[in-house]
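K.L.:
Predicted model, plus sequence, below.
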Amino acid sequence: MTEGLSLIDAHMHLWDLTRIRYPWLTPPLPLGITGDVTAIARQYLLDDYLHDAAAGGVRIEKLVHIEAGAHPEDALAETRWLQALCEARGFPQAIVAHAQLETADVAERLEQHAAHAAVRGIRQILNWHRDPAKTYTPRDLLEDPAWHGGFAHLARHGLSFDLQIYPTQMPAAARLAAQHPDTLLILNHTGMPVDRDDVGLEQWRRGMRLLAAQPNVAVKISGLAMLDWHWSEESLRPFVLETLERFGAARTMLASNFPVDRLFGSFGRYFEAYAGLLSAASASERAALLGGTAARLYRI
């Protein structure tokens, strides 16, 4: 049961469709790995999120807001809105903003985001796949020298990078981490094992080993339902347990990915499953997974 569970949610989203453009939430709605997003293509504000968490029996201590797919030209507006929300309501305590690292004005963009007190990092979704139905980007930016040049600016501002990729990209991401030991990379959504055949699963396992070998890489256990719409505790088990085994509790965080993961289950159902899967964890490990690691890595 989740009743009484306290959480620092390391990965969640809000959106205000009245002030910021979100192309993926605007008709005609695109179909991607999450299928039909009609159910969440509406206002989702702080009170909506807190209601979902409370209905699941989870008490929210702090929040890390991850950029929510706003139009790139609205990324700074999203940061300003969230900073104002932080100052008015106390949430979110940390903001991971969006920037396109391959652009010529990336240094200026990063400086503008970093000027906001709650900004801790940057995310630019990098998921590239040969299958057009699975790819988020038209090309693999991890192979783009201009993108690497932009990434090099992060350390100057003390910014981490939220790394959302597929397993086939993990070897390149591990090399990136090795080249930038002073930049923290935080792997999103359990490494997104999108290909579930034997080859795809082995790519995920190998990639997770490579990333875990880099001391400046951490991971969030979240988002698995996006790839497993009819998930169960047992279907999550191998991914959750192997991730924790590779990275350890000191580099692993549990996160809701709400409201995106709301498409496939309630807040309470996810955290009941996590509680079951982690029943053998020690009290100190559970404390790290449910908030300690997020508080330390996102400096909240």
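P.N.:
Structure received. Because the structure is predicted, anything quoted here is derived from the model rather than measured.

K.L.:
Contact partners for the nearest residue to Q169 once chain neighbours are set aside?
P.N.:
On the basis of C-beta to C-beta, 6 or more residues apart in numbering, the spatially nearest residue to Q169 that is not a chain neighbour turns out to be L142, at 5.6 Å. The way it works is simple: take the backbone N, C-alpha and C, and place the C-beta from them, glycine included. Residues in contact with L142 (C-beta atoms under 8 Å, 6 or more residues apart in numbering) are 126, 128, 165, 169, 172-173, 176.

K.L.:
Which of those residues fall in helices?
P.N.:
Those of these mapping onto helices are 172-173, 176, per DSSP state H.

K.L.:
Which of these sits closest to I66?
P.N.:
A173 (17.4 Å; C-beta to C-beta).

K.L.:
pretty sure that closest one is touching M208, no?
P.N.:
No: counting by C-beta atoms under 8 Å, A173 stays clear of M208, with 10.8 Å between them.

K.L.:
tally of neighbours for I20?
P.N.:
Neighbours of I20 under the rule other C-beta atoms under 10 Å: 17.

K.L.:
list the contacts for L154?
P.N.:
Contact analysis of L154 by C-beta under 8 Å, 6+ apart lists 110, 121-122, 160-161, 180, 183.

K.L.:
cool, and F271?
P.N.:
2, 5, 7, 56-58, 254, 256.

K.L.:
what would these look like in TSV with secondary structure and neighbour count?
P.N.:
What follows is the contacts of F271, written out as TSV (DSSP: H, G, I helix; E, B strand; the rest coil; neighbours: other C-beta atoms under 10 Å):
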residue	secondary structure	neighbour count
T2	coil	19
L5	strand	18
L7	strand	24
G56	coil	21
G57	coil	15
V58	strand	24
L254	strand	26
S256	coil	27
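
K.L.:
Where do the helices of the chain begin and end?
P.N.:
So, for the chain - with DSSP H - the helices run 46-55, 75-89, 106-114, 145-151, 170-179, 198-212, 233-247, 267-277, 283-287, 293-297.

K.L.:
what angle separates the first one from helix 75-89?
P.N.:
Just to be clear, that refers to helix 46-55. 60 degrees (axes from the mean of the first three to the mean of the last three C-alpha atoms, to 10 degrees).
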